[in-house]
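Asker: From the sequence below, what's the structure:
(one chain, ligands or ions: 1)
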Amino acid sequence: MLRETVEKRWRKFSRKAIRTLFYNRLAQKVTGTITHFAGTDAVALTFDDGPHPEYTPRLLDILERHQVRVTFFPVGEFAQKYPELIRRAAANGHAIGNHSWNHAAFPFISGREQREQIRACAHALAPYEQRPYGQRIFRPPYGYQNVASRLNALWLGYQVVAWNVHAEDWFDRDADWMAEQLMQQIRPGSIVLLHDGVFDGLQERFFDRWQTIKAVEMLLERLGGRLRFLTIPELIRESRPQRENWYIPLANDKLKRIRKTLNRMKRPEGEARVYAKYVA
Ligand SMILES: [Zn+2]
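Answerer: This next block holds a predicted model:
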(Lines give C-alpha, C1' and ligand atoms only; values in the text may rest on other atoms or scores of the structure.)
Protein backbone atom coordinates (compact mmCIF):
# COMPACT_ATOMS: atom_id res chain seq x y z
CA MET A 1 0.00 0.00 0.00
CA LEU A 2 2.69 2.44 1.10
CA ARG A 3 4.91 1.35 -1.75
CA GLU A 4 2.13 2.02 -4.24
CA THR A 5 1.61 5.54 -2.92
CA VAL A 6 5.30 6.31 -3.08
CA GLU A 7 5.51 5.00 -6.62
CA LYS A 8 2.48 7.01 -7.67
CA ARG A 9 3.91 10.18 -6.18
CA TRP A 10 7.27 9.56 -7.81
CA ARG A 11 5.65 9.04 -11.23
CA LYS A 12 3.67 12.25 -10.85
CA PHE A 13 6.75 14.18 -9.71
CA SER A 14 8.96 12.91 -12.52
CA ARG A 15 6.32 13.65 -15.16
CA LYS A 16 6.09 17.20 -13.86
CA ALA A 17 9.87 17.59 -13.74
CA ILE A 18 10.24 16.36 -17.32
CA ARG A 19 7.48 18.72 -18.44
CA THR A 20 9.09 21.71 -16.70
CA LEU A 21 12.47 20.81 -18.16
CA PHE A 22 10.96 20.45 -21.64
CA TYR A 23 9.19 23.82 -21.48
CA ASN A 24 12.28 25.54 -20.10
CA ARG A 25 14.43 24.09 -22.89
CA LEU A 26 11.83 25.07 -25.46
CA ALA A 27 11.55 28.59 -24.03
CA GLN A 28 15.33 28.86 -24.06
CA LYS A 29 15.41 27.89 -27.72
CA VAL A 30 12.60 30.18 -28.85
CA THR A 31 12.90 33.19 -26.54
CA GLY A 32 16.36 32.63 -25.10
CA THR A 33 18.94 35.39 -25.30
CA ILE A 34 22.32 34.65 -26.91
CA THR A 35 25.07 35.05 -24.31
CA HIS A 36 28.00 33.29 -26.02
CA PHE A 37 28.88 30.67 -28.65
CA ALA A 38 30.01 27.05 -28.56
CA GLY A 39 31.95 25.16 -31.19
CA THR A 40 34.23 28.03 -32.17
CA ASP A 41 37.60 29.44 -31.22
CA ALA A 42 36.55 32.98 -32.20
CA VAL A 43 35.53 35.89 -29.96
CA ALA A 44 33.02 38.69 -30.63
CA LEU A 45 33.76 42.22 -29.49
CA THR A 46 30.60 44.35 -29.33
CA PHE A 47 30.31 48.13 -28.92
CA ASP A 48 27.11 49.78 -27.71
CA ASP A 49 25.66 53.29 -27.49
CA GLY A 50 27.54 54.89 -30.40
CA PRO A 51 28.25 56.24 -32.83
CA HIS A 52 30.16 59.10 -31.25
CA PRO A 53 31.87 61.75 -33.44
CA GLU A 54 35.16 61.62 -31.50
CA TYR A 55 35.43 58.11 -30.10
CA THR A 56 33.99 55.96 -32.90
CA PRO A 57 36.41 57.13 -35.66
CA ARG A 58 39.40 56.50 -33.38
CA LEU A 59 38.10 53.03 -32.53
CA LEU A 60 37.52 52.27 -36.22
CA ASP A 61 41.15 53.27 -36.92
CA ILE A 62 42.44 50.86 -34.26
CA LEU A 63 40.23 48.00 -35.48
CA GLU A 64 41.34 48.63 -39.05
CA ARG A 65 45.00 48.62 -38.05
CA HIS A 66 44.57 45.26 -36.32
CA GLN A 67 42.25 43.93 -39.04
CA VAL A 68 39.61 43.04 -36.49
CA ARG A 69 35.91 43.09 -37.27
CA VAL A 70 33.39 43.67 -34.49
CA THR A 71 29.67 44.24 -33.94
CA PHE A 72 28.22 47.66 -33.21
CA PHE A 73 24.89 48.17 -31.46
CA PRO A 74 24.26 51.87 -32.14
CA VAL A 75 21.45 53.94 -30.68
CA GLY A 76 19.06 55.00 -33.49
CA GLU A 77 19.11 58.67 -32.53
CA PHE A 78 22.92 58.85 -32.85
CA ALA A 79 22.96 56.72 -36.00
CA GLN A 80 20.62 59.23 -37.60
CA LYS A 81 22.84 62.10 -36.47
CA TYR A 82 26.11 60.54 -37.68
CA PRO A 83 25.17 58.27 -40.62
CA GLU A 84 28.68 58.55 -42.10
CA LEU A 85 30.08 56.68 -39.08
CA ILE A 86 27.62 53.80 -39.55
CA ARG A 87 28.45 53.78 -43.26
CA ARG A 88 32.19 53.64 -42.50
CA ALA A 89 31.75 50.84 -39.93
CA ALA A 90 29.66 48.77 -42.35
CA ALA A 91 32.12 49.41 -45.21
CA ASN A 92 34.95 48.13 -42.98
CA GLY A 93 33.07 44.82 -42.55
CA HIS A 94 31.73 45.42 -39.03
CA ALA A 95 28.25 44.16 -38.24
CA ILE A 96 25.51 46.57 -37.20
CA GLY A 97 22.77 45.61 -34.75
CA ASN A 98 19.82 47.41 -33.18
CA HIS A 99 20.04 49.03 -29.72
CA SER A 100 16.68 50.92 -29.70
CA TRP A 101 15.94 54.49 -30.75
CA ASN A 102 16.84 56.35 -27.55
CA HIS A 103 18.00 53.77 -25.06
CA ALA A 104 14.72 53.31 -23.21
CA ALA A 105 14.62 50.62 -20.53
CA PHE A 106 12.19 48.22 -22.21
CA PRO A 107 10.58 46.64 -19.13
CA PHE A 108 9.36 50.11 -18.15
CA ILE A 109 7.67 51.14 -21.40
CA SER A 110 4.55 49.78 -23.11
CA GLY A 111 4.66 47.00 -25.69
CA ARG A 112 3.77 49.45 -28.41
CA GLU A 113 6.62 51.77 -27.40
CA GLN A 114 9.01 48.79 -27.38
CA ARG A 115 8.13 47.99 -31.00
CA GLU A 116 8.37 51.65 -32.00
CA GLN A 117 11.83 51.92 -30.40
CA ILE A 118 13.10 48.93 -32.39
CA ARG A 119 11.46 50.04 -35.65
CA ALA A 120 12.77 53.64 -35.37
CA CYS A 121 16.32 52.38 -34.79
CA ALA A 122 16.00 49.93 -37.70
CA HIS A 123 14.89 52.82 -39.91
CA ALA A 124 17.96 54.87 -38.92
CA LEU A 125 20.29 51.91 -39.54
CA ALA A 126 18.87 50.80 -42.87
CA PRO A 127 20.46 49.55 -45.09
CA TYR A 128 23.34 48.58 -42.80
CA GLU A 129 21.53 46.42 -40.30
CA GLN A 130 22.61 42.78 -40.49
CA ARG A 131 20.21 39.93 -41.11
CA PRO A 132 21.72 36.54 -40.38
CA TYR A 133 19.23 33.87 -41.55
CA GLY A 134 16.78 36.66 -42.29
CA GLN A 135 16.81 37.61 -38.63
CA ARG A 136 18.14 40.83 -37.24
CA ILE A 137 20.04 41.24 -33.99
CA PHE A 138 18.91 43.38 -31.06
CA ARG A 139 20.61 44.27 -27.79
CA PRO A 140 18.25 45.58 -25.09
CA PRO A 141 19.38 48.88 -23.51
CA TYR A 142 21.07 48.15 -20.11
CA GLY A 143 20.48 44.46 -20.92
CA TYR A 144 17.05 44.92 -19.36
CA GLN A 145 14.42 42.65 -20.80
CA ASN A 146 11.11 41.18 -19.69
CA VAL A 147 9.03 38.46 -21.31
CA ALA A 148 6.87 41.00 -23.19
CA SER A 149 9.86 42.85 -24.66
CA ARG A 150 11.52 39.55 -25.62
CA LEU A 151 8.34 38.48 -27.44
CA ASN A 152 8.16 41.87 -29.18
CA ALA A 153 11.72 41.42 -30.44
CA LEU A 154 10.78 37.94 -31.67
CA TRP A 155 7.64 39.32 -33.32
CA LEU A 156 9.77 41.83 -35.27
CA GLY A 157 12.18 39.07 -36.35
CA TYR A 158 15.07 39.81 -34.00
CA GLN A 159 17.48 37.56 -32.18
CA VAL A 160 18.42 39.09 -28.84
CA VAL A 161 22.13 39.22 -28.07
CA ALA A 162 23.54 39.85 -24.59
CA TRP A 163 27.13 39.10 -23.47
CA ASN A 164 29.15 36.99 -21.05
CA VAL A 165 32.24 39.21 -20.64
CA HIS A 166 32.56 42.86 -19.64
CA ALA A 167 35.03 45.11 -17.83
CA GLU A 168 32.56 47.59 -16.29
CA ASP A 169 33.59 50.08 -18.97
CA TRP A 170 30.42 52.12 -18.31
CA PHE A 171 32.24 53.44 -15.24
CA ASP A 172 35.49 55.41 -15.31
CA ARG A 173 37.77 52.37 -15.00
CA ASP A 174 41.31 52.81 -16.19
CA ALA A 175 42.54 51.18 -19.38
CA ASP A 176 45.12 48.87 -17.75
CA TRP A 177 42.58 47.45 -15.33
CA MET A 178 40.00 46.90 -18.07
CA ALA A 179 42.50 45.27 -20.46
CA GLU A 180 43.54 42.91 -17.66
CA GLN A 181 39.89 42.06 -16.86
CA LEU A 182 39.20 41.28 -20.51
CA MET A 183 42.33 39.15 -20.90
CA GLN A 184 41.37 37.11 -17.87
CA GLN A 185 37.75 36.54 -18.85
CA ILE A 186 37.86 36.06 -22.61
CA ARG A 187 37.40 32.44 -23.74
CA PRO A 188 36.63 30.91 -27.14
CA GLY A 189 33.06 31.91 -28.04
CA SER A 190 32.89 34.90 -25.67
CA ILE A 191 30.71 37.91 -26.40
CA VAL A 192 32.41 40.99 -24.96
CA LEU A 193 30.38 44.08 -24.01
CA LEU A 194 32.07 47.48 -24.53
CA HIS A 195 30.90 51.03 -25.26
CA ASP A 196 32.19 53.39 -27.96
CA GLY A 197 29.59 55.97 -27.03
CA VAL A 198 27.54 56.82 -24.03
CA PHE A 199 23.87 57.58 -24.02
CA ASP A 200 23.55 58.48 -20.38
CA GLY A 201 25.11 57.91 -17.00
CA LEU A 202 25.06 58.72 -13.32
CA GLN A 203 28.32 60.70 -13.34
CA GLU A 204 29.75 63.05 -15.93
CA ARG A 205 33.16 61.39 -15.66
CA PHE A 206 31.66 58.12 -16.99
CA PHE A 207 31.03 59.77 -20.37
CA ASP A 208 34.73 59.72 -21.29
CA ARG A 209 35.37 56.74 -23.58
CA TRP A 210 39.15 57.15 -24.10
CA GLN A 211 40.01 54.56 -21.45
CA THR A 212 37.82 51.95 -23.17
CA ILE A 213 39.41 52.69 -26.52
CA LYS A 214 42.87 52.46 -24.97
CA ALA A 215 41.93 49.16 -23.31
CA VAL A 216 40.79 47.74 -26.66
CA GLU A 217 44.07 48.82 -28.23
CA MET A 218 46.04 47.15 -25.42
CA LEU A 219 43.97 43.97 -25.73
CA LEU A 220 44.54 43.77 -29.48
CA GLU A 221 48.25 44.49 -29.11
CA ARG A 222 48.62 41.71 -26.56
CA LEU A 223 46.16 39.13 -27.92
CA GLY A 224 45.33 40.25 -31.44
CA GLY A 225 47.63 37.78 -33.15
CA ARG A 226 46.47 34.84 -31.05
CA LEU A 227 42.71 35.39 -31.10
CA ARG A 228 40.29 35.21 -33.99
CA PHE A 229 37.60 37.87 -33.91
CA LEU A 230 34.28 37.45 -35.74
CA THR A 231 31.05 39.44 -35.87
CA ILE A 232 27.87 38.20 -34.17
CA PRO A 233 26.11 37.35 -37.48
CA GLU A 234 29.19 35.35 -38.56
CA LEU A 235 29.22 33.46 -35.27
CA ILE A 236 25.46 32.76 -35.47
CA ARG A 237 26.11 31.25 -38.89
CA GLU A 238 29.32 29.35 -38.07
CA SER A 239 28.92 28.12 -34.52
CA ARG A 240 26.30 27.18 -31.96
CA PRO A 241 24.68 30.16 -30.20
CA GLN A 242 24.19 29.49 -26.48
CA ARG A 243 20.97 30.91 -25.08
CA GLU A 244 19.75 31.76 -21.62
CA ASN A 245 16.43 32.95 -20.25
CA TRP A 246 17.70 36.47 -19.53
CA TYR A 247 15.16 38.64 -17.74
CA ILE A 248 15.07 41.57 -15.36
CA PRO A 249 14.25 40.49 -11.77
CA LEU A 250 10.52 40.50 -11.16
CA ALA A 251 10.62 41.38 -7.47
CA ASN A 252 8.88 44.70 -7.02
CA ASP A 253 11.46 46.24 -4.67
CA LYS A 254 14.23 45.40 -7.15
CA LEU A 255 12.24 46.97 -10.00
CA LYS A 256 11.71 50.08 -7.92
CA ARG A 257 15.44 50.32 -7.21
CA ILE A 258 16.25 49.95 -10.89
CA ARG A 259 13.68 52.60 -11.79
CA LYS A 260 15.12 55.00 -9.24
CA THR A 261 18.64 54.56 -10.63
CA LEU A 262 17.46 54.97 -14.22
CA ASN A 263 15.62 58.15 -13.39
CA ARG A 264 18.82 59.65 -11.95
CA MET A 265 20.64 59.21 -15.27
CA LYS A 266 21.70 62.24 -17.26
CA ARG A 267 22.68 62.58 -20.89
CA PRO A 268 26.10 64.05 -21.74
CA GLU A 269 24.41 67.38 -22.53
CA GLY A 270 23.24 67.45 -18.92
CA GLU A 271 19.64 66.75 -19.86
CA ALA A 272 17.86 64.58 -17.27
CA ARG A 273 15.84 61.65 -18.55
CA VAL A 274 12.60 60.19 -17.37
CA TYR A 275 12.88 56.57 -18.26
CA ALA A 276 10.83 54.50 -16.11
CA LYS A 277 7.28 55.64 -15.94
CA TYR A 278 5.64 52.27 -15.54
CA VAL A 279 6.35 49.56 -13.08
CA ALA A 280 4.44 46.31 -13.19
ZN1 LIG B 1 23.42 50.71 -24.17
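Asker: Taking the stretch 101-250 of the chain, what residue is nearest to the ion?
Answerer: Nearest residue of the stretch 101-250 of the chain to the ion: residue 141, at 4.8 Å (CB to the ion). Bear in mind the C-beta positions are built from the backbone N, C-alpha and C, glycine included.
Asker: Run through the residues of the stretch 1-150 of the chain sitting next to the ion.
Answerer: Residues of the stretch 1-150 of the chain lying close to the ion (CB under 5 Å from the ion) are 48-49, 141.
Asker: returning to what we had before: tell me who's in contact with the residue of the stretch 101-250 of the chain closest to the ion.
Answerer: Applying CB atoms under 8 Å, 6 or more residues apart in numbering to residue 141 gives the contacts 99-100, 103-106, 199.
Asker: Ok, residue 33 next?
Answerer: With CB under 8 Å, 6+ apart, residue 33 has these contacts: 145, 150, 160-162, 243-246.
Asker: Which residues does stretch 77-97 contact?
Answerer: With contacts defined as CB under 8 Å, 6+ apart, stretch 77-97 is touched by 46, 49-53, 56-57, 60, 63-64, 69-74, 101-102, 121, 124-125, 128-130, 136-139, 161, 197, 199, 231-234.
Asker: Need the pLDDT of residue 174.
Answerer: Listed pLDDT for residue 174 reads 95.
Asker: With residue 278 instead?
Answerer: 48.
Asker: try residue 81
Answerer: Residue 81 is given a pLDDT of 95.
Asker: ditto for residue 109
Answerer: Per the predicted model, pLDDT is 92 at residue 109.
Asker: I'd like to know how far it sits from residue 125.
Answerer: Distance, residue 109 to residue 125, using CB to CB, to the nearest Å: 20 Å.
Asker: ok, those two, which is more surrounded?
Answerer: A direct count of neighbours by other CB atoms under 10 Å for residue 109 and residue 125 places residue 125 higher, at 24 against 19.
Asker: where's the more buried one relative to residue 141, distance?
Answerer: 15 Å.
Asker: same deal with residue 41?
Answerer: 31 Å.
Asker: Likewise for residue 50?
Answerer: 13 Å.
Asker: With residue 4 instead?
Answerer: 56 Å.
Asker: average pLDDT across stretch 63-76?
Answerer: pLDDT averaged over stretch 63-76 gives 96.
Asker: One more: stretch 89-98?
Answerer: Per-residue scores along stretch 89-98 average to 96.
Asker: List the buried residues for that stretch?
Answerer: For stretch 89-98, the neighbour count (16 or more other CB atoms under 10 Å) marks 89-90, 94-98 as buried.
Asker: just so I have it, where are all the helices in the stretch 151-280 of the chain?
Answerer: For the stretch 151-280 of the chain, the helices defined by DSSP state H, counting those that start in this stretch cover 175-185, 210-223, 232-238, 252-263.
Asker: residues of the helix ranked longest in the chain that come out buried?
Answerer: Scanning the chain for the longest helix, with DSSP state H as the assignment, gives helix 2-31. Neighbour-count burial for helix 2-31, counted by 16+ other CB under 10 Å, picks out residue 31.
Asker: I'd like the next helix or strand past that helix.
Answerer: strand 33-38 (DSSP states H and E).
Asker: how far does that following strand sit from the chain's center?
Answerer: 11 Å (CA atoms, centre = their mean, to the nearest Å).
Asker: ditto for stretch 29-36
Answerer: 12 Å.
Asker: ends of it, how far apart?
Answerer: Terminal residues of stretch 29-36 are spaced 14 Å apart (CA to CA, to the nearest Å).
Asker: Kindly report the same for stretch 82-102.
Answerer: From its first residue to its last, stretch 82-102 covers 14 Å (CA to CA).
Asker: and the closest residue to residue 210 other than its chain neighbours, how many neighbours does it have?
Answerer: Leaving aside its sequence neighbours, residue 210 sits nearest to residue 55 (CB to CB, 6 or more residues apart in numbering; 7.4 Å). Using other CB under 10 Å, residue 55 has 23 other residues around it.
Asker: Residue 55 contacts residue 211, correct?
Answerer: No - under the criterion of CB atoms under 8 Å, residue 55 makes no contact with residue 211, lying 10.7 Å away.
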